[in-house]
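Asks: Dropping the sequence and predicted coords here.
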Amino acid sequence: MLNMRHFKRILDFYNYLYSKYGPQNWWPCEGEKYGNDEIAIGAILTQNTSWKNVEKAIQRLRERGLLSLKSISCADLETIKEAIKSSGFYNQKAERLKLFAEYIICKHKSLRNFFEQNKSVLDLRQELLSIKGIGKETADSILLYAGFKPIFVVDKYTLRLFKLYGIIDDEKFDYEAIRLLVESEIKDVNMLQEFHALIVREGKNLNKKFANQKQTNFG
DNA sequence: AACCAGGAGAGAG
DNA sequence: CTCTCTCATGGT
């Protein structure tokens, strides 16, 4: 239908998207990005949820002085639920936010200290994954965008776009396979940050195009 | 008015 | 290990 280009190399696809959209400067947040609690909070809130609904929740958290892990770790569950309602799944997410905040604050005092442990990136990743409510994509988003660690974030769009643009052919590619494939070609943290953001941008863009053609999505 | 959004966990087979 | 269900609001 749409005669899509095909890319043999990851880097060619990256350059295509970058020249099409330019730098995205993720993760959207206020202030210094390194060690910023707001990024981790947003990463949890945006699980299977549009960013627009997350922004409202973040704004309400900000108004209530709850946009830090320390304040969330002290707040009661009902207060958190009320603030984040717009992001959906608020019962789960309030619990996840609080558990994550309590873990980081109690064990490391701050997100910065968590990143600055004498640990490999993969060990940091394992530690995040051990927290209930933090899956691969959320863990990797936190590592890449708040910790500036060289990790690639794989989401639904990544798999769909890689198939659509001929980067992967078979169905054997799962989260880890795609992550390792990208990381083998792109090592630079800023490029890894831009790549995931550009993929989301392109994914949304294609959804719009396909919606105009009365198709639910491009998957 | 169905359908999906920058997922993750629990349970079943 | 791989499916399937659930969680829930807001925009199209």
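Replies: Received the coordinates, thanks.
Asks: Please report the distance of residue A:218 from residue A:6.
Replies: 15 Å (CB to CB, to the nearest Å). No exception for glycine: its C-beta is placed from N, CA and C like everyone else's.
Asks: So these two - more neighbours on which side?
Replies: A count of neighbours by other CB atoms under 10 Å puts residue A:218 above the other of residue A:218 and residue A:6, at 19 against 11.
Asks: What segments of chain A are strands?
Replies: For chain A, applying DSSP state E gives no strands.
Asks: So for it, the centremost residue is which one?
Replies: residue A:141 (3.9 Å; CA atoms, centre = their mean).
Asks: all helices for chain A, in order.
Replies: In chain A, the helices defined using DSSP state H lie at A:10-21, A:37-45, A:51-63, A:69-74, A:77-84, A:90-108, A:111-115, A:121-129, A:136-141, A:156-164, A:175-185, A:189-212.
Asks: tell me which residues in the first one are buried?
Replies: For helix A:10-21, the buried set under the neighbour-count rule, 16 or more other CB atoms under 10 Å, comprises A:10, A:13-14, A:17.
Asks: Could you do stretch A:183-202 as well?
Replies: Going by 16+ other CB under 10 Å, stretch A:183-202 has these buried residues: A:186, A:191-202.
Asks: tally of neighbours for the residue nearest to residue A:39 when sequence neighbours are not counted?
Replies: Nearest non-adjacent residue to residue A:39, counting by CB to CB, 6 or more residues apart in numbering: residue A:146, 4.0 Å away. By other CB under 10 Å, the residues close to residue A:146 number 25.
Asks: so where is chain A shaky, pLDDT-wise?
Replies: A:1-3, A:170, A:214-216, A:219 (pLDDT under 70).
Asks: 90 instead?
Replies: A:1-5, A:8, A:169-173, A:207-219 (pLDDT under 90).
Asks: Residues of it that sit close to DNA strand C?
Replies: A:48-50, A:52-53, A:56, A:85-86, A:88-93, A:174, A:211 (CB under 7 Å from any atom of the strand).
Asks: So among the residues you listed, which ones count as buried?
Replies: Neighbour-count burial (16+ other CB under 10 Å) is assigned, among those, to A:49, A:53, A:85-86, A:88, A:90, A:93.
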